[in-house]
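Novice: sharing a model that was predicted from the sequence below.
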Amino acid sequence: MKSMMLLTTMLAMPTLAKGADPSLLDARPLTMTRKLSDQCTRLERRGPAPWFCGRREQPLDPPFADACPDALWVGYRLDSGACPAAPSALGTWTVSEPFARSQDARLQRLCSYTWVPASAARPEPDVAALPDVRTVRMERDCQVVSGHAAPPQAVADELFSAWSDQLELPDWSLSEAFGTYNIRVAVVDGGAPGEGPTGAPPDTVAHPTVVSSVIRAVSCPERAGSAVCAGGAPGYNALPYVLEGVPGELGGYFGTQADFAKAVDAAVTDWVAAPPVSRPDHLILNLSLGWDGDFDVTQVQRVPGAAAYWAVQAASCAGALLIAASGNQAGDSDTGPLFPAAWEVFPRTCGAQAEVYSPLVHAVGAVDGTDTPLGLSRIASVPRLVAPGSIVVVPKDTGPGPDQPTVALSGTSLAAAGVSGAASLLWSMRPSLSPDEVMAALYAGAEPLGVPADFGLGGQPGERRRVSVSRAFNLLCPEGVAIEDCPVAASRPALPTPRAAYVPALADFPAIVAAYLGGAVDVFEDPGLVPPAIPSAYYSPYVVPQPGEPNCPICGFTGTTFNGKLSDTLFGVTMGQPILQIVDAGGFQWQVGLDPLPVGQTFKVDLFYKLNGIAVKSAWLEIPTVQNGKNVLTSSELYVN
């Protein structure tokens, strides 16, 4: 785990790690010249040559050896030639130019190589067949990017109401229709690309479905029968894998940095290349995914990481607004925000406004119903803007017909989605504003929480604030003033009373226990010593999904009693000892080991003796499992009244 001092150093200023070559991130494509070739020859006499000398990289050391498979490679061309072929008698290297349509000249130079073995008996990639020439830098692509049963309707309504109250959503139910808006929110996530009835990704993977539904719940309120969401929320698949090296038919849970770059670039290219008559006015990219800093291009010079950075730079320069989740704990390297959210320390490459906070990416953190950072939040990772992210349930974005609730998820992914929805709503009414002016209004209208953020642009984090959609709306569309496309008179929504900081916006969890968890079986706990921490478990070599499939979707405390029901996805799964991770009122973290919990039955566990007077402020449940031969550490944020 990184030290606090290292984290502070890393995020204080937008600089590269010691020894990193700035040419990997600058705005000019690098070309192999005779002078550079001669310099590389001299460098190679001393050891491995840097990336800009071309050639195929050598075998990697951990952690890259685990996360970067031999079957996936990215090549960066240092000349204007085509992507070199890689003929092999043992199989086929599929070669493509995934960024041929890109607006960015650096991305256009990238080649993708994927191994398809000729026989299942000999699946090992033929690495020796790949190009090893001075004019192409060949590097393995690293699979380090990850995303982050539905409750009864009455329970879903209770949870949705509490979430809406904390976001301070306007009430459009009695307002007159005032037309549509034309903002596109690209959901860069794990679902298959597609345009559903409202532009949502197909309902195949829980995470992108909930993220898309959260965006719609905020940005597309039902307004007296008016048509809404003209821009839609198309999905771009950055997470195609369901297991190591195994792509899912309709998306998955993990991806590579090149997959991320391709998804971001495709979203921008589709928007820019659209005919003017049908092009949405503005583009927002919701990035509810990320990777650890150990794999980021600001810490290590590698082409796939640079591709991710270039794609974000190009999106920013095209005028898009990028909103990224700050990340959840993964059980290992849990200090500092995930990337790309950590790129908030970098200034916007194009169009920065001196008088407006203009980072490359706007990061969003998550708080529970008491404005406290989620227990699952990463250490020293909370940015200046936060939003509710605890046990979020919204109407599923499935188009016409009765609303159905989504599964309950917790994490910074849902907070980022809420802010993307809010930005979309506000930008539709004030389309002349810049991306950063929209975010400045959200920050100005947000509720101050009285504590500093952990990181920010240029080492100046600012105060942490919780988003208020209604207050930001009132700033941009004041009552009685006709401005751009703002609703006026009877078209204006009803606005809730501002919610002060740390005033609970919690659902009635005891009532949920009675309605949803009634008839629970008792799980008896013998008083005793707290067991030691168990080893971390991972979907090796990936980072843990953000937030992933919860092991206990609607679980929490009533007094000292732990109530809940494990996810049906754990039926037949090998499970280790459940561990309650608890943060008390003083900020100290405790571990409480539990006896095995039943699957398929609601349960209640009396923890009076084990808690021994601990005042629970936030908590989450961890259960190590074995799924498809892989160690998976599952987790769920818990409700604490």
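Specialist: That came in fine, so what should we check first?

Novice: for the one helix or strand A267 maps to, packing partners?
Specialist: Assignment of secondary structure by DSSP states H and E places A267 within helix 257-273. In terms of contacts (3 or more Cβ pairs under 8 Å, 6 or more residues apart in numbering; DSSP states H and E), helix 257-273 is packed against strand 110-117, strand 145-147, strand 183-189, strand 235-237, strand 282-287, helix 303-317. To be clear about C-beta, it is placed using only N, CA and C from the backbone, and glycine gets the same treatment.

Novice: so what's the residue nearest to Q353 when sequence neighbours are not counted up against?
Specialist: Here the nearest residue to Q353 in space, its sequence neighbours aside, is D436; by Cβ to Cβ, 6 or more residues apart in numbering that works out to 6.0 Å. With contacts taken as Cβ atoms under 8 Å, 6 or more residues apart in numbering, D436 has the following neighbours: L321, R348, A352, Q353, V356, Y357, S358.

Novice: now these: which count as buried?
Specialist: Among the contacts of D436, those that count as buried by neighbour count (16 or more other Cβ atoms under 10 Å) are L321, R348, A352, Y357, S358.

Novice: which among the residues you listed gets closest to G613?
Specialist: Nearest to G613 out of these is Y357 (Cβ to Cβ; 43.4 Å).

Novice: can you tell me how far that closest one sits from S468?
Specialist: Relative to S468, Y357 is positioned 17 Å away (Cβ to Cβ, to the nearest Å).

Novice: turn the helices and strands packed on helix 257-273 into TSV, including mean neighbour count.
Specialist: Output for the helices and strands packed on helix 257-273, formatted as TSV (neighbours: other Cβ atoms under 10 Å):
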stretch	mean neighbour count
strand 110-117	20
strand 145-147	31
strand 183-189	29
strand 235-237	27
strand 282-287	28
helix 303-317	26
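
Novice: circling back: pick out the lowest-pLDDT one from the buried ones among the contacts of D436.
Specialist: Least confident entry in the buried ones among the contacts of D436, by pLDDT: A352, with 82.

Novice: returning to that earlier point: out of the contacts of D436, which comes closest to L594?
Specialist: Among those, L321 lies closest to L594 (Cβ to Cβ), at 43.1 Å.

Novice: burial measure for the closest residue to the closest one other than its chain neighbours, as a count.
Specialist: Counting by Cβ to Cβ, 6+ apart, P435 is the residue found nearest to L321 once chain neighbours are left out, at 3.7 Å. Residues lying near P435 (other Cβ atoms under 10 Å) number 24.

Novice: doesn't A320 make contact with P435?
Specialist: Yes - at 7.0 Å, P435 counts as touching A320 under the criterion of Cβ atoms under 8 Å.

Novice: overlap in contacts of those two?
Specialist: H282.

Novice: need the helices for the stretch 501-641 of the chain, in chain order.
Specialist: Taking DSSP state H, counting those that start in this stretch, the helices of the stretch 501-641 of the chain run over residues 509-516, 608-611.

Novice: in the stretch 501-641 of the chain, where is pLDDT below threshold?
Specialist: In the prediction, the stretch 501-641 of the chain carries residues with pLDDT under 70 at positions 517-522, 524-549, 627-631.
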